[in-house]
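Novice: below is the sequence, then the predicted model.
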Amino acid sequence: MNNKTRSPLIHVSKRGLLPWYKAWAIRGAALVLALVTCGLITSLVTRQNPIQVYAAIINGSFGSPRKIWVLLQNISMLLCISLAVTPAFRMRCWNLGAEGQALIGGLAAAACMILLPGKLPNWGIIACMCVASVLSGAIWAAIPAFFKAKWNTNETLFTLMMNYVATQLVAYYCVVWESPKGSGTIGVINPTTELGWFPQIGSYKYLLNILIVAAVCLAMYVYLNYSKHGYEITVVGESERTARYVGIKVDRVIIRTMLLSGAVCGLAGLLLVGSTNHTLTTTIVDGRGFTAVMVSWLAKFNPIWMILTSFLIVFLGRGSGEIATKFGLNRSFGDILTGLILFFIIGSEFFINYEIHFRKSGGKEG
Amino acid sequence: MDNKIPAVKMRNITKTFGPTVANDKVWLDIYRGEILALLGENGSGKTTLMNMLSGIYFPDEGAISIDGKDVVIRSPKDAFDLGIGMIHQHFKLVDVLTAAENIVLGLPGKLDLKAASEKIRTICEAYGFEVDPNQKIYDMSVSQKQTVEIVKVLYRGADILILDEPTAVLTPQETDKLFNVLRNMRNDNKAIVIITHKMHEVEALSDRVAILRHGQFIGDMPTAKTNAQEMTNMMVGHAVTLNIDRPDPVDPKPRIVVKNLTVRSIDGIVKLDDVSFTANSGEILGIAGISGCGQKELLEAIAGLQPVEKGSIEYIEDDGRAEQLLGKDPLTIQQMGVSLSFVPEDRLGMGLVANMDLSDNMMLRSFRRGHSVFTDRKTPRQLALDVVQELEVVTPGISTPVRRLSGGNVQKVLVGREIASAPTVLLTAYAVRGLDINSSYTIYDLINKQKKSGVAVVYVGEDLDVLLELADRILVLCGGKVSGIVPGRGANKRDVGMMMTKLGGNAHE
């Protein structure tokens, strides 16, 4: 028998509301710890100087004006899709089909670019592209939403599977519209006439995208936080029973919100095809539909914070690409570092919500 | 009794949750062969204190000793090893298993259900329980489930029992039965702690009372040497009057007429069977019944939330026009100009949004107002400020999420919002469940005020003593049927209790 009075070595208790600066101090500390850990691992495993590795990561994003533009472009595309999934997420409706919704939006845009020249003037083509992309993205999201609203099917699985349908459709049309013949890819569409290409602002190739996404970001913030629709979305997400109790038509809100979610995804597809790449491939969305889930969650579904989280993710991604080439390391090593940093950042939320008590060294009085 | 060693000695127990001090240097002694009633308002730290004894929380400071020996209780298992067993408000039983299977669940050693059943029978005989070890939990009434929970802790050798508001879900008859069992256990030299809000139960059952207020230990004394008034004053910290006002209804007119209402649950079970009644303006219609007898379905049917198989629910306007409410959803009812307020049983899961702040919760009823696509934030803010001030809601501010408020304050926010829309009908379900005396009386006052201003109030309650004091008429439900409607003045608790368990009660015998 243990006669001594001993309290447990550690015990965990829930914190009250932390003031914002303390919460951010914890998040900051997590980032610092993450960098130190990554540095240690880098020097242990690769015998590289961690400072140089970090310099390379920063260089990957800010090394040249071109790199900065690419960084901004990547942020804006990731942000756009993150903004798209956010209204659904606020409603606790897990739309994992952003990848497919953006892809189908891109397909619609490409279809307009390929099929309409000769029938419509350039501005008509662009207008058709906008309508077609946004509409097809919205429809792609509305199908699972309808089934969820009517028969309470699981939207996570349904939207996920819609991704594969979209990918296969795009693969099919890549062959139908292949150019040159036999290549199995579409190649740059209308390379000489530039029909359906979005106008460039000055000499800045990506500026249009960035401005559009910035506007969407602001609009989404206002929509979610200040509009009646936004309020309904929050209530439905928190408690469907409360929503019914105050007379909100839950089915209608689910379908409407998923339509919006899909429409913004369609817009992302439109920008990728019409403004940036001028072509269509099955991998044009590049997994952003899934990365967006993380961006949205990390920012706690706040559109403004998402600028920061999408920056973080893109920055780390670009950095890991840079160290892969510069030090001849496998690209996976960059991914390991990204994973470690995210682990620390997400883990810090635990310390914001809970407090850990260690046994006092003097023991407890009897 | 003075020189007995306490079974449990808690000294200087402090527990904080963030900035909130739930227990502040609490001293408490629990003796064997005694029933201790632990009293205190909501948020006074009763349950927290008992949770530390049963190993769910660990105290920040302080010491606990059992039978004079210092102990450390790190987990519920430690507590069990020390013979401490707690029966929580929410039962922790597996529905598809039998009583015996639930009782031995998780115990080490070989599974021998026969021997277990035998032991369960011995325990039941010793204390006067009625449990069939082979009955499945899903076949059991609430009171039977509670009995299984008690037998479970006894089976595991507990001799210090803690019951957290055990009577909240029981009929008067079941409560009497439980009290007899508890008395038998006391006579068997077990230590029993019961947490309750009901004064008459404290007086009927306990040997000693201990009182907490705002997390601090205020005092303890033999029950025989005190009375309800003194205990209440100690709990609240100042003198309170314990009478519920019941003004005579002024000019009552039919407001809601329900005819032959039949409701089935999704599983096809009949929840309401041919229910007919009238609720008058300026009157409180009390609804009595064992929990789950159709009260919830009845209110939700009137509020437009429950699909109805047949019947009619009519709303009678002041000029005598009748409007059918059946088949309309809450929004349509609102748009018809019927001002119907509903305080549902599930406050945080239905009446309010737990994660939203006070001001946003006020908006739930009014956010559609105006033609703008944007919500009006100013009016609900003002309403929140008014409710906080008028109903004395204890909150750090109106931007605090309501889940952070204590039960009584949550209810004040909900009731405050519902009566702010100047309703003509007010439906309330278990409006004071889990609320302390002070908050309960605030709610009774608010309901009475609505009644005086001509609102037709439907009050579903579980405390018969309160129903008998508050309601003008009492409708008794039994298994989804109307067992009888009696006037509140002069009604007898026994009779109403009988009507709750048997259609018509004594009247038809």
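Specialist: It's in.

Novice: could you pull out the helices for the stretch 201-350 of chain B?
Specialist: Taking DSSP state H, counting those that start in this stretch as the criterion, the stretch 201-350 of chain B contains helices spanning B:228-236, B:295-302, B:330-335.

Novice: same deal with the stretch 1-150 of chain A?
Specialist: Assigned by DSSP H, counting those that start in this stretch, the helices in the stretch 1-150 of chain A fall at A:20-46, A:50-62, A:65-90, A:98-115, A:122-151.

Novice: now these in JSON lines, please, with extra columns for mean neighbour count, distance to B:Gly33 and mean pLDDT.
Specialist: All C-beta atoms are positioned from the backbone trio N, CA, C, and that covers glycine. Formatted as JSON lines, those follow (neighbours: other C-beta atoms under 10 Å in any protein chain shown; distance: least, C-beta to C-beta, whole Å; pLDDT from 0 to 100):
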{"stretch": "helix A:20-46", "mean neighbour count": "14", "distance to B:Gly33": "50", "mean pLDDT": "86"}
{"stretch": "helix A:50-62", "mean neighbour count": "18", "distance to B:Gly33": "69", "mean pLDDT": "85"}
{"stretch": "helix A:65-90", "mean neighbour count": "23", "distance to B:Gly33": "57", "mean pLDDT": "95"}
{"stretch": "helix A:98-115", "mean neighbour count": "28", "distance to B:Gly33": "67", "mean pLDDT": "96"}
{"stretch": "helix A:122-151", "mean neighbour count": "20", "distance to B:Gly33": "59", "mean pLDDT": "95"}
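
Novice: so which of those helices is nearest A:Tyr221?
Specialist: helix A:65-90 (8.9 Å; C-beta to C-beta).

Novice: please see if that closest one touches chain B.
Specialist: No. Helix A:65-90 does not reach chain B (C-beta under 8 Å from any C-beta of the partner chain); its nearest approach is 11.4 Å.

Novice: now do that helix against helix A:122-151, angle only.
Specialist: Here helix A:65-90 points in a direction 30 degrees away from that of helix A:122-151 (axes from the mean of the first three to the mean of the last three C-alpha atoms, to 10 degrees).

Novice: so which of the helices of the stretch 201-350 of chain B gets nearest chain A?
Specialist: helix B:330-335 (3.1 Å; C-beta to the nearest C-beta).

Novice: need the contact list for B:Leu113.
Specialist: B:100-101, B:104, B:133 (C-beta atoms under 8 Å, 6 or more residues apart in numbering or on different chains).

Novice: isn't A:Lys14 right up against A:His357?
Specialist: No. With contact defined as C-beta atoms under 8 Å, A:Lys14 does not reach A:His357; the gap is 11.9 Å.

Novice: how about the residues of the stretch 151-300 of chain A near chain B?
Specialist: Residues of the stretch 151-300 of chain A lying near chain B (C-beta under 8 Å from any C-beta): A:226-232, A:234-235, A:238-239, A:241-242, A:244-249.

Novice: so which residue is dead centre in the chain?
Specialist: This is for chain A. Geometric centre of chain A, nearest residue: A:Ala292, 1.7 Å, by C-alpha atoms, centre = their mean.

Novice: actually, chain B is the one I wanted.
Specialist: Judging by C-alpha atoms, centre = their mean, chain B has its centre closest to B:Arg433, at 3.3 Å.

Novice: where does pLDDT dip in chain B?
Specialist: The model of chain B has pLDDT under 70 over residues B:1-3, B:504-509.

Novice: how is it partitioned into domains?
Specialist: Chain B resolves into domains spanning B:8-236, B:254-339+B:422-508, B:354-421 when parsed by automatic domain parsing.
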